[in-house]
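>>> Need a 3D model of the following:
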Amino acid sequence: MIGLGGFVTFRVLGSVGIINGTGLTALRGARQCTLLALLLLKAGEPVTKEQFFEELWEEGIPSQPGNALQAQVARLRKVLRAELGDEFVGRRLITRPSSYVLDVDPLEVDVHLFGSLTKQARASMRSDPVGARELFDRALSLWHGAPLEGVTGGPICQSAAAQFEENRLSAVEARIQLDIAIDGYAQAVSELKMLAYLAPWRERLFELLMVCLYRLGRQAEAIQTYNQLRSRLVEEFGMEPSPSVKSCMMAILNQDPALGGAERLVVARTPLAGSAVAS
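Model prediction:
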């Protein structure tokens, strides 16, 4: 699960760069960041020259894109050689007629390790909630900022960054479910309120907050939380809350004693982890 020398070697969950014994070496220049990011997103798989052209020169492909790409790859080789050595560059950064490959174990890349850890965590939520929470915590500790910081923002990278952020929020929600099941409702309220403020479109966060408030005897506040969510959704998107959130609201109004039971809370709404990389 770890890369060269016992560490994750490459970061894309934050500033794109290389991790060595002294810390992170962030790449300079948007095109260099994008070039390395594309190779890392497809770790061990070829990235075609056409994909590089589209991502590196979104504003307009140069007249001789092949030469321009070769120049960017040469710059990246120099950086990799300085950080990881000649042998790494010679064996791992592979040139093919129509593509390039960075032949690294995906688990040397933080985002792929994140996906592996969260997949393991989800698989053990029911059988070992404490261990699952530790795995989620390890996975979330890999984040050091917005994904793919410094990248130019072509379609592949834009899609990947959006998917990574979705995966992060999903992992946070699952970890909070475990926090509630293990430690109770009170400690989760403040974090859920903060997250609901930062991600007001995440209905699951509001649902968890409603359940916690209800279980703490704060039924009126739980109803107010639902009303705030519904007003925002109707005013900004012209839509009603999801059936799950509506069902939660009805259970609160009916004072359902089973609402938010620890076992049901962990079992419910634990989707399989999505692919680490958007294609």
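
>>> ok, Asp105 - how many residues close by?
Other residues lying near Asp105 total 15 when counted by other CB atoms under 10 Å. Placement of C-beta: from N, CA and C, glycine included.

>>> from memory it sits against Gly44, does it?
Yes: shown here, Asp105 and Gly44 form a contact pair, counting by CB atoms under 8 Å, at 7.3 Å.

>>> for this structure, what are the low-confidence residue spans?
1-7, 260-279 (pLDDT under 70).

>>> Can you check which helix is longest in it?
Scanning the chain for the helix with the most residues, using DSSP state H, yields helix 155-183.

>>> Leaving out sequence neighbours, find the closest residue to Gln187.
Take Gln187 and drop its neighbours on the chain: the residue closest to it by CB to CB, 6 or more residues apart in numbering is Asp179, 6.7 Å away.

>>> Check the gap between that neighbour and Glu166 for me.
Remark: distance between Asp179 and Glu166 (CB to CB, to the nearest Å) = 20 Å.

>>> So for the two, which sits in the more crowded spot?
The neighbour count for Asp179 versus Glu166, taken as other CB under 10 Å, is higher for Asp179 (19 against 13).

>>> What is the burial count for Cys212?
Residue crowding around Cys212 was assessed by other CB under 10 Å; the count is 26.

>>> packing partners for the helix or strand hosting it?
Here Cys212, judged by DSSP states H and E, is contained in helix 203-215. Identification of packing neighbours for helix 203-215 by 3 or more CB pairs under 8 Å, 6 or more residues apart in numbering; DSSP states H and E yields helix 155-183, helix 186-198, helix 219-237, helix 243-253.

>>> Ser116 against Leu107, yeah?
Yes: using CB under 8 Å as the test, Ser116 is close enough to Leu107 to be in contact (6.2 Å).

>>> Next, the buried residues of the helix or strand harbouring Val89.
When secondary structure is defined using DSSP H and E, the element that contains Val89 is helix 86-92. Neighbour counts using 16 or more other CB atoms under 10 Å place 88-89 of helix 86-92 among the buried residues.

>>> likewise stretch 184-202?
Going by neighbour count (16+ other CB under 10 Å), the buried part of stretch 184-202 is 185, 188-189, 191-193, 195-196, 199, 202.
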